[in-house]
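S.K.: Task: produce atomic coordinates for the following.
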Amino acid sequence: MLISLIGPPGSGKASVAHYLATRHGFEVLCTDNGTCDSLTALGLSATSCGDEKAMLDFVTDRWHERFVTLDLTTVSDMEAFIKRPFFLCVEVGAPLLTRWKRYQTKHKSLPLEKFVALDDEIAFGMSTAQASTRQPLVRSGSSAMGGNGIVDNLASVSISSPSAGLAALRRYVHVSIINDFPDRDSLNSHLSSLNLPSEERLRPCWDSYFLKLCNLASLRSNCMKRRVGAVLVSSNRIISTGYNGTPSGLLNCNQGGCARCNNTLEKGASGCGQNLDECLCLHAEENALLEAGRQKISSGQEGKGATMYCNTCPCLRCAVKIIQSGIRTVVYQLEYSMDARTKAIFAQAGVDIRQFHLDT
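M.R.: The predicted structure follows:
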């Protein structure tokens, strides 16, 4: 495992590295122009790997061991490492004033305005031309100082454009830590609860994997009440997925397709659990179950779809399930109180319905 710590000055990245090294046996890695000196000053033994490519090769050969670094600070760095299954990117942040006060305790006085300017440069990047007009700044993890009290050599951090700043790295973050703790013991207690060295952070367990797929499926929901996703699984293999909303062939709920969810029923607005008999939206779980059998149903009668026979005209709730399952024809015998509503949504979805009278 390799944990890459990123974050602005004063956020406490070195403290997190110290925790991982002393509590969990992580080896600290750095590049030749990186944070080796500042980490050594904190009592950490750091191994220099040369450059970022050499670090990648070094860790790849020892992927089963534990490493932590503060020296992956550019998009190109992240693109190279994020592909590897042993890589975890952890962002460490803290409120601006908290970070400035921490910075003041480690370095000589730096006015808040200059610290904010430094923070913006590291967060959003700066052009090479801009960098050449001022005292250079160091990597955000270093404590080396420039002649005017501003951290030394930002240009060496490879922050040459906004795409190279910390803001551009956030899309690679797996775990975010807000370090507003008053002391290291409090931070360490929080880090212990996060269990950063867990292998499941690199490769999620089955429950985590399938629940994340549920959340992804829920993004397809069109129900105005809430987003829900479901995944039907057998022997850790996906059978079907589902999300809530009106069935295929009907107007989406978020386009006005369900009067109940859009609060346009004559009886007024519908709260949680109210007027469910008027709802045209299928639940995510229902959709997953229906999709599991959809192919068998839709392939019936030489590709013409299946026919459902029922002695009573389907109610509204059954009608939406019939539509979603791919049934093309419904044949019933007896009338029901909601026939008009049922026939209306069948017509909208292209499902044929007819009544058949049995001989007595």
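S.K.: Next, count neighbours for residue 198.
M.R.: 11 (other Cβ atoms under 10 Å). Placement of C-beta: from N, CA and C, glycine included.
S.K.: please renumber so the chain begins at 34
M.R.: Sounds good: first residue 34 from here, last item residue 231.
S.K.: so how far is residue 317 from it?
M.R.: Residue 231 is 29 Å from residue 317, where distance means Cβ to Cβ, to the nearest Å.
S.K.: Where do the helices of the stretch 184-333 of the chain begin and end?
M.R.: 199-202, 217-227, 239-251, 317-331, 333-336 (DSSP state H, counting those that start in this stretch).
S.K.: Let's see the fourth one as CSV, backbone CA atoms only.
M.R.: By that I understand helix 317-331. Listed next in CSV are the C-alpha coordinates belonging to helix 317-331 (Å, rounded to 0.1, in the frame of the first residue of the first chain):
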residue,chain,number,x,y,z
ALA,A,317,-36.0,0.3,-7.1
GLU,A,318,-36.4,-3.1,-5.6
GLU,A,319,-39.4,-3.9,-7.8
ASN,A,320,-37.6,-2.8,-10.9
ALA,A,321,-34.6,-5.0,-10.0
LEU,A,322,-36.9,-8.0,-9.6
LEU,A,323,-38.8,-7.3,-12.8
GLU,A,324,-35.7,-6.8,-14.8
ALA,A,325,-34.4,-10.2,-13.6
GLY,A,326,-37.2,-11.9,-15.5
ARG,A,327,-37.7,-9.3,-18.3
GLN,A,328,-35.7,-11.1,-21.0
LYS,A,329,-37.6,-14.4,-20.5
ILE,A,330,-40.9,-12.5,-20.7
SER,A,331,-40.0,-10.3,-23.7
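S.K.: Lowest average pLDDT across the helices of the stretch 184-333 of the chain?
M.R.: Comparing mean pLDDT across these, the lowest value falls on helix 333-336: a mean of 55.
S.K.: Identify all contacting residues around stretch 292-305.
M.R.: Contact with stretch 292-305 is made by 256, 257, 258, 286, 289, 308, 309, 311, 312, 313, 314, as judged by Cβ atoms under 8 Å, 6 or more residues apart in numbering.
S.K.: Mind checking the pLDDT average for that stretch?
M.R.: Per-residue scores along stretch 292-305 average to 83.
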